[in-house]
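J.: What would the 3D arrangement of this be:
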Amino acid sequence: MFAEMRTGSNFLEANLNAMPGLHCHGEVFNPHFIGKKDQSDYLGVDLATRDGDPLILLRRLRDTTDGLAGFRYFHDHDPRILQAVMDDPACAKIILTRNPVESYVSWKIAQETGQWKLTNPKNLKTGKARFDAAEFESHLAQLQSFQVDLLHALQTSGQTAFYLDYEDISDVAVLNGLARFLGVEARLDAPDGTLKKQNPEDLADKVVNLAEMNTALARLDRFNLARTPNFEPRRSAAIPSFVASREAPLLFMPVRGGPSEAVGAWLAGFGGLDRDFVQKSLRQWKRGNPGHRSFTVLRHPLARAHACFQQQILSGAMPEVRSLLARVHKVDMPKPGQPYTDTAAHRDGFLAFLRFLKRNLGGQTAVRVGAHWASQTAVVQGFAQFQGPDAVLREDRLAEGLAWLCAEVGTPARPAPAAEADALLARVADDEVQAAARDAYARDYMGFGFDDWVPYAA
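T.: Residues are numbered from 1 along each chain as shown. All right, here's what the predicted structure looks like:
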C-alpha cells in the first residue's frame, strides 16, 4: 500500500486485516522502526538485519503469512524495497491519497497533540494547526514527486494499481472492490469501526492562521498552468562526445550546435585532449584527476538554431529534413551548399525552420529530434544521467567563465575563444524571428534565463 502520513493508511490497513486471506503488516520498512512505532524486531528480523538486506524481511513476510502479505510504504521508506516491488508484476499495488492540505493540517495537529491514532473517543486530544507556507510547499512537492515516480514506474512496466482517496475508505462497496482486485473471496459488511476520526471539524476550524493559509494557497499554481509543456524525448548523456585536457583537470561536455570546436581547441591548449570516453574510462579519468571540474557551454537558442539552419540544412548535411521543409512546409530552398540570393529569402526560410522546430520539439512531425537542434535543457538533463556538469557557461560570457574554471582548478588561464559574430543573423533577427525562437525554445528561455538575442560584441 503506497500512502503517506495522515492519509488514512491505518484505517485502510484495519479494513484489509478484517478480510480473511489478507494481512497488512504495517510500516515494516520505515527507517526508524519495523511495523509500528518503537518496534525494532519483527518476525525474527531486527533493524540491523533489515537495514543490511531488506529483501530478507520481504521474504519473511511472504513465507509466514497465511494468504496475501502486504505492508504500508511511504515516500521516505527504504528505496530498495520500492524498486523490488515495482519490478514485480505479481505484487498488487494500492495507492492511497488525500487532499494534501487536509493531510498537512492533520499532521500538524498530531504533532501538536502527540496523538496519531484514536480508538476511544474519550481519549481524544484536541488542537489546532499553524499553517507554514514554506513547509507546506515542501510537503506538497514531496507528495507530488512520489506520485509521479509511482505512475511512471507503473506505466513503463505495463502495470496498474488500485487508487483510493481518503474518503473512499468508508465506502464498503469500494473496499469490496479492492478485495476483488486483490483476488480474495472475503467481503466486508461494513467498514472497520476500531479507529475513530480524530479531527472531524471543517478545515477552516482546524487552523489558527486561516487568512495566512488562504493567501499561501492562492499563490500556488494548483493546475500547473505556468508549466511549459514538454514532449521532447529524453536524451542520453552522450559521453563519447566529452573531451578532457591532459594537463588540467577540466572536462568539457559539449552541446551540439554550440561553440564546441572553439572550446575544444581552447582546452587542447592544456597539453592536448583525451576523448572517445565510455562510462568506465570516464570514471577512471575522474578518479585520476581529483579536484576536477566539468563544464558545458550554452549558446543563445536563436543563434544556435541559425547555426544549425546554415550548417545542417542549407549545407545539405541533413537532406531528409531539407526535403521535408521544402515539400511539407513549402520552404523555398536554394541548392544544397548554396546561400540564398538575398537576405529577405534567407529570413523567410529561417523563420519557417523555427516554426518547424516548434512542431518537431512538440512531437508533431515525423522527423526525429536532431541533436543539433534539441533543446539545451534536454541535453543538460541527459548529462545528468551520468553526472551533471559543475558549471554551465554562456557563450557571450565565455572569457569570464573559462577564467573562473581555471582559477577553480589552479591552472593559469589561457585566452578564451572569441564568441562567433553572426552578421547575417543580425540582419534577419527581427521581432517575428525573435518571437518564433522564443516559441520553439520556451523551456530554454525560461530555464536558462535567455532574453532576446543581440549580436555578440566583437
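
J.: Please point out which parts of stretch 307-327 sit buried.
T.: Within stretch 307-327, the residues scored as buried using 16 or more other C-beta atoms under 10 Å are Ala307, Cys308, Phe309, Gln310, Gln312, Ile313, Leu314, Met318, Val321, Arg322, Leu324, Leu325. C-betas here are computed from N, CA, C, even on glycine.

J.: Shouldn't Tyr456 be within a strand?
T.: No: the assignment for Tyr456 (DSSP: H, G, I helix; E, B strand; the rest coil) gives coil, which keeps it out of a strand.

J.: Does it touch Arg394 like I think?
T.: No: contact criterion C-beta atoms under 8 Å: Tyr456 and Arg394 do not qualify, at 10.6 Å.

J.: which residue is nearest the middle of this protein?
T.: In the chain, the centroid-proximal residue (C-alpha atoms, centre = their mean) is Ser145; its distance is 7.8 Å.

J.: List the contacts of that one.
T.: His75 (C-beta atoms under 8 Å, 6 or more residues apart in numbering).

J.: Just the element for it, please.
T.: Assigned by DSSP states H and E, Ser145 belongs to helix 133-157.

J.: list the buried ones in the helix or strand following that helix?
T.: Remark: after helix 133-157, the chain's next helix or strand is strand 162-165, criterion DSSP H and E. Residues of strand 162-165 classed as buried: Phe162, Leu164 (neighbour count, 16+ other C-beta under 10 Å).

J.: Each with direction, which strands does the longest strand along the chain pair with?
T.: Longest strand in the chain, counting residues (DSSP state E): strand 293-298. Under the criterion DSSP bridges, strand 293-298 sits next to strand 250-252 (parallel), strand 391-394 (parallel) in its sheet.

J.: now these in TSV, with distance to Arg59, mean neighbour count and mean pLDDT?
T.: TSV is the format used below for the strands paired with strand 293-298 (distance: least, C-beta to C-beta, whole Å; neighbours: other C-beta atoms under 10 Å; pLDDT from 0 to 100):
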stretch	distance to Arg59	mean neighbour count	mean pLDDT
strand 250-252	43	24	98
strand 391-394	45	18	97
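
J.: who wins for proximity to Pro412 among those strands?
T.: Closest approach to Pro412 among those is made by strand 250-252 (12.6 Å; C-beta to C-beta).

J.: returning to what we had before: distance of the residue nearest to the centre of the chain from Thr64?
T.: For Ser145, the distance to Thr64 (C-beta to C-beta, to the nearest Å) stands at 34 Å.

J.: ditto for Pro254
T.: Going from Pro254 to Thr64 by C-beta to C-beta gives 56 Å.

J.: Would you map the strands across this protein?
T.: Along the chain, counting by DSSP E, strands occupy 22-24, 41-42, 45-46, 68-70, 94-97, 162-165, 243-245, 250-252, 273-274, 293-298, 391-394.

J.: Cool, thanks, talk later.
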